[in-house]
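Peer 1: after the sequence you'll find the predicted model.
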Amino acid sequence: MRAGEGAARLSLSVVSVPADPVVLAGLDAYRELRAAQQPTWPDSAALAEVTAELSALPPLVFAGEADALREKIALAQRGEAFLLQGGDCAETFAEATAERIRNKIKTILQMSIVLTYGASMPVVKMGRIAGQYAKPRSSDDETRDGVTLPAFRGDIVNGHAFTPEARIPDPRRLLKAYQTSAATLNLTRAFTMGGFADMRLVHEWNKGFTVTPAYRTYEGVASEIDRAIRFMAAAGADFDALRTVDFYAGHEGLLLDYERPLTRIDSRTGLPYTCSAHFLWIGERTRDLTGAHVDFFSRVHNPIGVKLGPTTSPDDAVRLMDALNPDGTPGRLTFITRMGAGRIRDALPAIVERVAADGRPVLWVSDPMHGNTITSSNGYKTRRFADVIDEVRGFFEVHNALGTIPGGVHVELTGDDVTEVLGGAEEIDDLGLEQRYETLVDPRLNHAQSLEMAFLVAEMLRERTAR
Ligand SMILES: O=C[C@H](O)[C@H](O)COP(=O)(O)O
Ligand SMILES: C=C(OP(=O)(O)O)C(=O)O
Ligand SMILES: [Mn+2]
């Protein structure tokens, strides 16, 4: 920081800049547009009460943190960092326990160390965490044994139990989502800032997990890192920077009755930020260019992602840039492609070419989960680990061929030893899924599969940086 800059920033932080009334009014423009995938709340008075209460509660993140993430995403856009985003398909209130959160954070830290060490690349770490409670669904209802009820739309909307009462959308769940997100974020910050994420504890993060081939490979990497750290310490290096890590929270910005009340004016700049998370993404089912979600997120200043499925045209991508990042601000826009292993190599190139020709920066991230969902012979919603890896490989191949940057991965995972995804070194098969299938919506990589994926992606990243 140059002399004088500090003083300027300080004065911004103590003088509160009011929002422009036009900007403020714009935040509600989405209400006139079609908002896909929203629940129909039966009790509108209760909804009004809850949203008023949410509007008065403190923000969960600070706008300055979202700015810092935007700068890191800008680095990743230039190939100087790699984004790792992981977490549950659908977080649940019941599983916001210290142990589950710790396992998830440990898993992401381990993956990140594998990527950093394997590819000598800084990793921007982000969870699908502390707010990933709203789910878009393919169908509005669900039928079991001839009984049809409204679909489960995530813990923030209704209950998963298959009873008429549980499936009624209940606005009080918005408050529970806020509280559970606050608690999750608090513990995440404690873990990542309080010494638990210290790189000198690389071995500790592996403890408590089942011993698998990936566990052993990780132990090897951790020992090498240990040795390198001891060498540097002996040489007099100062390791304060290794004590903490920056860890960001992201979720799908789906439920506008939650995101709007948590959108606040940054007192430093007078600009709006959605303070439920650092990073919000718009899903494949809600990225309609004339819809409510694109309009709403075009008006806030967080870094924003958009999922791009196989039906995306190059024109769609450019129009999304026009809407969400007209000025080409570095770090503002991330495209998360989720094409399916069988389609990525055909569907992605035309989109990437068009966006690259446009010149405004985007971060290209691969979600190798959502285009590869299948049903197992015994009826489980699952994915094949091999397909997941193949989609990431296809993603790297396309970018390498076009000279663009494959800048990150976005993965559904958990730190627990669940059996939801087929394959991996433990070779989970259809019957194996029955052992510990716990997800309420989509199948997640378990701890071992997540580590295994990190080793494979590190190789792809190393090949890319060596080119
Ligand atoms: O997480 C993504 C979607 O919400 C999920 O895949 C939808 O699942 P469904 O097709 O079972 O509704
Ligand atoms: C709903 C999701 O994905 P997509 O919008 O890509 O289907 C998700 O990431 O959970
Ligand atoms: Mn999902």
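Peer 2: Perfect, I can see it now. Ligands and ions are numbered 1, 2, ... in the order given.

Peer 1: who in the protein is up against ligand 1?
Peer 2: Contacts of the chain with ligand 1, taken as CB under 6 Å from any ligand atom, map to 89, 135, 136, 137, 138, 370, 441, 442. For the C-beta atoms, the positions are set from N, CA and C on the backbone; glycine is no exception.

Peer 1: try 5 Å
Peer 2: Residues of the chain lying near ligand 1 by CB under 5 Å from any ligand atom: 89, 135, 136, 137, 138, 442.

Peer 1: quick check: the farthest pair among those residues?
Peer 2: 89 and 138 (13.5 Å; CB to CB).

Peer 1: spell out for me which residue occupies the centre of the chain.
Peer 2: Centrality entry for the chain: nearest residue to the mean C-alpha point is residue 128, 3.9 Å, by CA atoms, centre = their mean.

Peer 1: redo the residues of the chain next to ligand 1 as CSV? Include pLDDT.
Peer 2: Formatted as CSV, the residues of the chain next to ligand 1 follow (pLDDT from 0 to 100):
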residue, pLDDT
89, 98
135, 98
136, 98
137, 98
138, 97
442, 98
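
Peer 1: narrow these to those that are buried.
Peer 2: 89, 135, 136, 442 (16 or more other CB atoms under 10 Å).

Peer 1: returning to that earlier point: of the residues of the chain next to ligand 1, which belong to helices?
Peer 2: Residues of those located in helices (DSSP state H): none.

Peer 1: residues in contact with the residue nearest to the centre of the chain?
Peer 2: Residues in contact with residue 128 (CB atoms under 8 Å, 6 or more residues apart in numbering) are 85, 86, 87, 88, 89, 91, 250, 251, 410, 412.

Peer 1: could you redo the last one with a cut-off of 10 Å?
Peer 2: Going by CB atoms under 10 Å, 6 or more residues apart in numbering, residue 128 touches 85-91, 104, 108, 249-252, 277, 279, 281, 410-413, 444.

Peer 1: residues from the stretch 201-350 of the chain in reach of ligand 2?
Peer 2: Counting by CB under 5 Å from any ligand atom, the stretch 201-350 of the chain sits next to ligand 2 at 283, 284, 307, 338.

Peer 1: same thing but at 8 Å, please
Peer 2: 252, 254, 281, 283, 284, 285, 286, 307, 309, 336, 338 (CB under 8 Å from any ligand atom).

Peer 1: can you tell me which of these end up in strands?
Peer 2: 252, 281, 307, 336 (DSSP state E).

Peer 1: looking at those, which two lie furthest apart in space?
Peer 2: Pairwise distances across these (CB to CB) peak at 10.3 Å, for the pair 252 and 336.

Peer 1: so which elements touch the helix or strand that contains residue 351?
Peer 2: In the assignment (DSSP states H and E), residue 351 maps to helix 344-358. Applying 3 or more CB pairs under 10 Å, 6 or more residues apart in numbering; DSSP states H and E, we find helix 344-358 packed against strand 304-308, helix 314-324, strand 333-337, strand 363-366, helix 385-402.

Peer 1: how about the strands in the stretch 101-250 of the chain?
Peer 2: Using DSSP state E, counting those that start in this stretch, the strands of the stretch 101-250 of the chain run over 123-128, 141-144, 147-150, 247-252.

Peer 1: SS state for residue 437?
Peer 2: Secondary structure assignment for residue 437 (DSSP: H, G, I helix; E, B strand; the rest coil): coil.

Peer 1: that one reaches residue 416, doesn't it?
Peer 2: No - Residue 437 is not in contact with residue 416 according to CB atoms under 10 Å; the separation is 11.6 Å.

Peer 1: which one of the two has more residues nearby?
Peer 2: Shown here are residue 437 and residue 416; by other CB atoms under 10 Å, residue 416 has more neighbours (19 against 16).

Peer 1: quick one: contacts for that one?
Peer 2: For residue 416, the contacting residues are 95, 99-100, 103-104, 107, 209-210, 436, 438, 444, 446-447, by CB under 10 Å, 6+ apart.

Peer 1: buried subset of the residues you listed?
Peer 2: 95, 100, 103, 104, 107, 209, 444, 446, 447.

Peer 1: and the first one, backbone torsions?
Peer 2: For residue 95, the backbone dihedrals are phi -100, psi 10 (criterion: degrees, to the nearest 10).
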